[in-house]
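Asks: Please work out how this folds:
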Amino acid sequence: MQEILDIQYIGEWTWAEQLGQLFAITAMVAALVSAIGFFSATQWESRGLQKRASWKKLARRSFYVNFVSVLGIITVMFLIILNHRFEFKYVWQHSSLDLPVYYMISCFWEGQEGSFLLWIFWQALLGLILIRTSKNWEAPVMSTFVFVQAFLSSMILGVVIPVLNIKIGSSPFLLMREAMDAPIFQMNPDYIPTDGSGLNALLQNYWMVIHPPTLFLGFALTLVPFAYCVAALQKGEYKSWLKPVFPWVLISVVILGVGIMMGAYWAYETLNFGGYWNWDPVE
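Replies: As a prediction, the model looks like this:
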């Protein structure tokens, strides 16, 4: 066992793993602090006390940290994908040397971790807009909004709690030797594959570049009306929330509808069973 631990692996970008994991943990913690801050600001506001300002300031700054951390995760992800770092399990599973650049970009959201990260990014961007536009509704709306952001951020942590033996999320920065128990990693320090498995053949389509980002933007947008609804229940204002939330409802319905129609046409075009909803359960 000691010999295995002493192996000096050649050529690994361990700095990328460490940096990406640091950004993921920071994003999760910042989202939790922001959610607590906005919730506390809501409670002080309901009592008519001025202490809400300090809580709101903390919540905003924490959310900005979350946004920057999410951008950091995305940057590291694209670096390891575009540089063909096949020592990372996610890169090896979803990309290969023969893919053009636009499909290399699509590799980012082919897997579960990348899809969650895309969702997290859109919510972080929408959160910045909400902070600027929601005015008196900011604290109660953002308390729900950022709590969901913290939950989604936990999906890409990949952290194990030893005492409880619980794993939280799945990290996109997992190295092959950490993810797989194979003799090659114990015997060969220069194990890095020369190529990856590549993008699924059915996903090598121009719709893969535009459909998932549109769909996940629609998913993220639907959270805004929900957050407003919860805020209205908290404040006991059952009518005044309708006016500020209506544009968000309209935009979310349009974007999500367009995303679903894109998916339907993509399935029709790629699988081509002579109709949109024939045979294939995914369609």
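
Asks: Helices of the stretch 1-150 of the chain, start to end?
Replies: 2-5, 14-46, 52-82, 89-94, 101-107, 112-133, 138-154 (DSSP state H, counting those that start in this stretch).

Asks: Can you add mean neighbour count and give those helices back as TSV?
Replies: Bear in mind the C-beta positions are built from the backbone N, C-alpha and C, glycine included. Formatted as TSV, those follow (neighbours: other C-beta atoms under 10 Å):
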stretch	mean neighbour count
helix 2-5	7
helix 14-46	21
helix 52-82	19
helix 89-94	24
helix 101-107	18
helix 112-133	20
helix 138-154	24
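
Asks: Leaving out the residues flanking it, which one is nearest to residue 171?
Replies: The spatial neighbour of residue 171 that comes closest, neighbours along the chain excluded (C-beta to C-beta, 6 or more residues apart in numbering), is residue 158 at 2.7 Å.

Asks: That neighbour: how many residues sit nearby?
Replies: 21 (other C-beta atoms under 10 Å).

Asks: And for residue 160?
Replies: Counted with other C-beta under 10 Å, residue 160 comes out at 10.

Asks: now the closest residue to it other than its chain neighbours, what's its secondary structure?
Replies: Leaving out its chain neighbours, the residue that sits closest to residue 160 by C-beta to C-beta, 6+ apart is residue 167, at 4.9 Å. Following DSSP: H, G, I helix; E, B strand; the rest coil, the label given to residue 167 is strand.

Asks: Surely residue 149 and residue 66 touch.
Replies: Yes: assessed by C-beta atoms under 8 Å, residue 149 is found in contact with residue 66 at 6.7 Å.

Asks: which residues do the two both contact?
Replies: 31, 34, 124, 127 (C-beta atoms under 8 Å, 6 or more residues apart in numbering).

Asks: Just send those residues back as a markdown table, with pLDDT and distance to residue 195 too.
Replies: Below are the shared contacts of residue 149 and residue 66 laid out as a markdown table (pLDDT from 0 to 100; distance: C-beta to C-beta, whole Å):
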| residue | pLDDT | distance to residue 195 |
| --- | --- | --- |
| 31 | 96 | 36 |
| 34 | 95 | 41 |
| 124 | 96 | 33 |
| 127 | 95 | 39 |
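
Asks: now, the most widely separated pair of those residues?
Replies: 34 and 124 (10.6 Å; C-beta to C-beta).

Asks: Please enumerate the helices of the stretch 151-283 of the chain.
Replies: With DSSP H, counting those that start in this stretch as the criterion, the stretch 151-283 of the chain has helices spanning 176-179, 183-187, 207-235, 242-271.

Asks: What helices and strands are in contact with the third one?
Replies: Applying 3 or more C-beta pairs under 8 Å, 6 or more residues apart in numbering; DSSP states H and E, one finds that helix 207-235 contacts helix 14-46, helix 101-107, helix 112-133, helix 138-154, helix 242-271.

Asks: Could you export these as a markdown table, including distance to residue 205?
Replies: Listed next are the helices and strands packed on helix 207-235 as a markdown table, based on distance: least, C-beta to C-beta, whole Å:
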| stretch | distance to residue 205 |
| --- | --- |
| helix 14-46 | 28 |
| helix 101-107 | 9 |
| helix 112-133 | 17 |
| helix 138-154 | 27 |
| helix 242-271 | 6 |
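
Asks: among these, which is nearest residue 162?
Replies: Set against residue 162 and scored by C-beta to C-beta, the helices and strands packed on helix 207-235 come closest in helix 14-46, at 16.1 Å.

Asks: can you tell which of the helices and strands packed on helix 207-235 is closest to residue 194?
Replies: That would be helix 101-107 among the helices and strands packed on helix 207-235, by C-beta to C-beta, at 16.6 Å.

Asks: CA atoms only for the closest one - export them in PDB, please.
Replies: Taking Å, rounded to 0.1, in the frame of the first residue of the first chain, the C-alpha atoms of helix 101-107 are listed here in PDB:
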ATOM      1  CA  VAL A 101     -13.900  22.900 -31.400                       C
ATOM      2  CA  TYR A 102     -17.700  23.300 -31.300                       C
ATOM      3  CA  TYR A 103     -18.100  19.600 -30.200                       C
ATOM      4  CA  MET A 104     -15.300  20.000 -27.700                       C
ATOM      5  CA  ILE A 105     -17.400  22.800 -26.200                       C
ATOM      6  CA  SER A 106     -20.400  20.500 -26.200                       C
ATOM      7  CA  CYS A 107     -18.400  18.000 -24.200                       C
END
